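Novice: Give me a 3D structure for the following:
(chains A and B)
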Amino acid sequence: MELRAVSRPHISLLGDTRRGWGENPMRAQIVDIINKTLSSLVAKGELPEAVSEANPPFTVELPKNKDHGDYATNVAMLLAKPAKKAPRAIAELLVANWVDPDQIIVQSEVAGPGFINLRVNPHALLQIIHQVLGEGDAYGLAKESNGEKVLVEFVSANPTGPLHLGHARGAFTGDAVARLLEAAGYEVTREFYINDTGNQVLVLGRSIYARYQQAHGHDVELAKDAYPAEYVKNIATSIQDQDGDKWLSASEEQWLPYFVQKGVQTNLAQIKKDLENINIPFDSWFSEQSLHESGKVAGLIEAYASSGMAYRAEKPRGAEERVRREDSKAAQYQDQQAGGLFLETSRFGDDEDRIIQRANGTPVYLAADLAYHIDKIERGFHRMIDVFGADHGGHVPRIKAGIQAAGKDHSDLEFLLVQMVRLMRNGQELRFSKRAGQIYGIDELVDEIGPDAARFIFLMRSANTQFDFDLDLALRQSNDNPVFYVQYGHARTTTLLRRAAEASIPFDPKSPPAVADLEGLRLPEERDMLKKMAAFSDILQGAAKASEPHRLIYFCQELIALFHGYFSKYRATERVISDDIPLTLARLSLVASVKQTLKNALNILGISAPDHMQAPDAPSEDE
RNA sequence: GCUUCCAUAGCUCAGUUGGAUAGAGCACUGGUUUCCUAAACCAGGGGUCGCAGGUUCGAGCCCUGCUGGGAGCGCCA
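Specialist: As a prediction, the model looks like this:
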């Protein structure tokens, strides 16, 4: 009899083991044993048929408490209801009837309210080493594509200036999410949406023109909302060098498009350079302008109008009922909406209807944004992730509503809102005023603390919590600094392997000893590392599904903490490299596995795994 | 006022989608190197998980309300 339901368990640690994803070999084997045992118990009439249909999302996880064995499962508690039996009774049944031909489970006991604590055969754990070393750089990563296409849109900074610190968290987060998804088996496209039209770029063009006039000795003042910074002057002088004074006598209709284009081009080139410098590639640069030129924006507006989703009015319906703050900018701009075309986003959960086209027929940015998202949907991705700054969170309901109003489905569209970061130096917040032209660029940050530390610290925290970026801490090349801790651990593993080679120990990570010859690895710390490494693919899949790179950072820290502890504790007694050659080979295999797993995890995050660390107090060898 | 994110150790934050006695780093106190990298390790103190209800075998996690903080509430993007 085939137990359909329990042969397809939902595992809370995620990672469907049937689909060629990297899998946790230990967990997969235990899940299999549980399923087979349940199946046989139902067949023998010990458990009711209802158990087969329950399909409970049981867990097989590493218990926090070491007294609880190697692995623990809550399957008995989840089956209590369908089986109409006490959790502990079900657990007892399982424990007494394991269908375990390979003898993976060497000890099991019922604990607490009905947990089953398991101890597994050391042999089974040792196979992890062969898996890690055999798969090398591919260990933990998806073996093949899962066939799902994902679009990650991130940064999408206005081409009105270089990237600054406000963009950094979104940039690193978006890149890490993209890397995470790739490693988890998705086909990822990284896209940058360029707002190369609209008011902001006009302001930019006028700012450049004002600087251009000043460069020719004209005493003009910058507009209140102008961009004053140095890079604007540089663009102005480059136009001056190229074209001389030919634009001074031109009318605004003549010079504005040219200055806008020059500004956008220059800034975009700078943005691309900044992103390349921090190793963030894009597959696609999507121009807003192109949506206008292709008629997609106009077409969408037309579609809204003809489907009755948009109406022409003096003001949006329902807006007068809305309580506005006295200083509301909406109130300020309300009269400008008169005669515009309004989209009924309020029918789909938005606060009020939104204008999409002015009285004079020109579309507003929301229309382009909607055309862009609908274009995305039509490109046929399984998942679309927008990485937004928290200050753009207000867009989300409008975009969703607009998509629904167009008769499309937004359920595959996810918004990852990256919260604000406060940059701290000397215990005080650093504030940068764009108005005053102060900019702390991403390039400056990376110059100051290095690319790995910048990435690590931005990725260390869950994206939806605010945090303080402590520049002093990031700068300190000391043990306060978590990125060094992890990288130092990797360097330590490398050193061990190098020492072994220097001692002419015949170890080759590509052909580790047979499992039977790894049996010397009996220390509890050694088993802990094996279990942790086995969980890598589960962590990766969970992080990818949830778009949470910080889970991988924690994994790196936890794995290397086990290694550091192991190394220090036994350095005087159970050394990795000893006269016992078989044991040395076994331990080197373990060390090589830790190195490989850590390297793979860091690589997914875009952080380097150095083989050497320069001690901070040591004199530099280069001088 | 509305939307949204957040509130866990002195500080910065995790908490594996509802599991067992809530964890880590920093800071503090004490200890560890004739020995494979001390950028490391070990030990110790430190908690009403913002408050109050609810859901169930079980809640830091889910629901409701409240308090406090961030962000947003424009034809800007």
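Novice: In the record's domain split, what are the boundaries for chain A?
Specialist: For chain A, automatic domain parsing gives the domain ranges A:25-120, A:482-605.
Novice: Minimum distance to A:Thr160: which of these has it?
Specialist: When the domains of chain A are compared by Cβ to Cβ, domain A:482-605 sits nearest A:Thr160, at 28.0 Å. Any C-beta I mention is one placed from the backbone N, CA and C, and that applies to glycine too.
Novice: circling back: can you redo the domains of chain A as CSV with mean pLDDT, distance to A:Ile377 and mean neighbour count?
Specialist: Putting the domains of chain A into CSV (pLDDT from 0 to 100; distance: least, Cβ to Cβ, whole Å; neighbours: other Cβ atoms under 10 Å) gives the following:
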stretch, mean pLDDT, distance to A:Ile377, mean neighbour count
domain A:25-120, 90, 30, 18
domain A:482-605, 95, 19, 19
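Novice: ok, now which ones touch A:Leu605?
Specialist: The contact partners of A:Leu605, by Cβ atoms under 8 Å, 6 or more residues apart in numbering, come to A:176, A:179, A:455-456, A:459, A:549, A:552-553, A:556.
Novice: Which of those residues lies at the shortest distance from RNA strand B?
Specialist: Comparing the contacts of A:Leu605 against RNA strand B with Cβ to the nearest atom of the strand places A:Ile553 closest, at 8.6 Å.
Novice: Just the element for the closest one, please.
Specialist: helix A:550-570 (DSSP states H and E).
Novice: Now do the same contact list for A:Asn267.
Specialist: Applying Cβ under 8 Å, 6+ apart, the residues near A:Asn267 are A:159-162, A:204, A:231.
Novice: Repeat the analysis, applying 6 Å as the threshold.
Specialist: A:159, A:161 (Cβ atoms under 6 Å, 6 or more residues apart in numbering).
Novice: which residue sits closest to the residue in the stretch 101-250 of chain A that RNA strand B sits nearest to, ignoring its sequence neighbours?
Specialist: Relative to RNA strand B, the nearest point of the stretch 101-250 of chain A is A:Gly198 (2.2 Å; Cβ to the nearest atom of the strand). Spatial nearest neighbour of A:Gly198, chain neighbours left out: A:Tyr365 (5.4 Å); criterion: Cβ to Cβ, 6 or more residues apart in numbering.
Novice: center of chain A - which residue?
Specialist: Geometric centre of chain A, nearest residue: A:Val177, 2.6 Å, by Cα atoms, centre = their mean.
Novice: Which residue, neighbours along the chain excluded, lies closest to that one?
Specialist: A:Ser547 (4.9 Å).
Novice: ok, which stretches of the stretch 1-150 of chain A are helices?
Specialist: Here the stretch 1-150 of chain A has its helices, by DSSP state H, counting those that start in this stretch, at A:25-43, A:50-54, A:75-83, A:87-96, A:122-135.
Novice: between the ones you listed, which gets nearest to RNA strand B?
Specialist: helix A:75-83 (3.7 Å).
Novice: what about the residue nearest to A:Gly198, neighbour count?
Specialist: 15 (other Cβ atoms under 10 Å).
Novice: try A:Leu165
Specialist: 17.
Novice: show me what contacts it?
Specialist: Counting by Cβ under 6 Å, 6+ apart, A:Leu165 has contacts A:423, A:440.
Novice: now do 8 Å
Specialist: A:Leu165 touches A:421, A:423, A:432, A:440-442, A:445, counting by Cβ under 8 Å, 6+ apart.
Novice: pLDDT-wise, what's the bottom of these?
Specialist: Across these, the bottom pLDDT score, 69, is held by A:Phe432.
Novice: can you map out the helices along the stretch 501-623 of chain A?
Specialist: A:524-534, A:536-546, A:550-570, A:581-605.
Novice: Of all those, which one comes closest to A:Arg211?
Specialist: Of all the helices of the stretch 501-623 of chain A, helix A:581-605 comes closest under Cβ to Cβ, at 40.5 Å.
Novice: So what's the gap between that closest one and the chain middle?
Specialist: Here helix A:581-605 is found 25 Å from its chain centre; the criterion is Cα atoms, centre = their mean, to the nearest Å.
Novice: Can you confirm whether that helix lies near RNA strand B?
Specialist: No: using Cβ under 7 Å from any atom of the strand, we find that helix A:581-605 stays clear of RNA strand B, coming within 8.0 Å at best.
Novice: Could you check how far the residue located most distally from the centre of chain A is from A:Thr493?
Specialist: Relative to the centre of chain A, and counting by Cα atoms, centre = their mean, the farthest-placed residue is A:Ser249 at 50.8 Å. Going from A:Ser249 to A:Thr493 by Cβ to Cβ, to the nearest Å gives 69 Å.
Novice: re the thing from before, nearest to A:Pro101 among the contacts of A:Leu605?
Specialist: Within the contacts of A:Leu605, the smallest distance to A:Pro101 is 35.2 Å, found for A:Leu552 (Cβ to Cβ).
Novice: List the contacts of the closest one.
Specialist: A:176, A:180, A:459, A:539-540, A:543, A:601, A:604-605.
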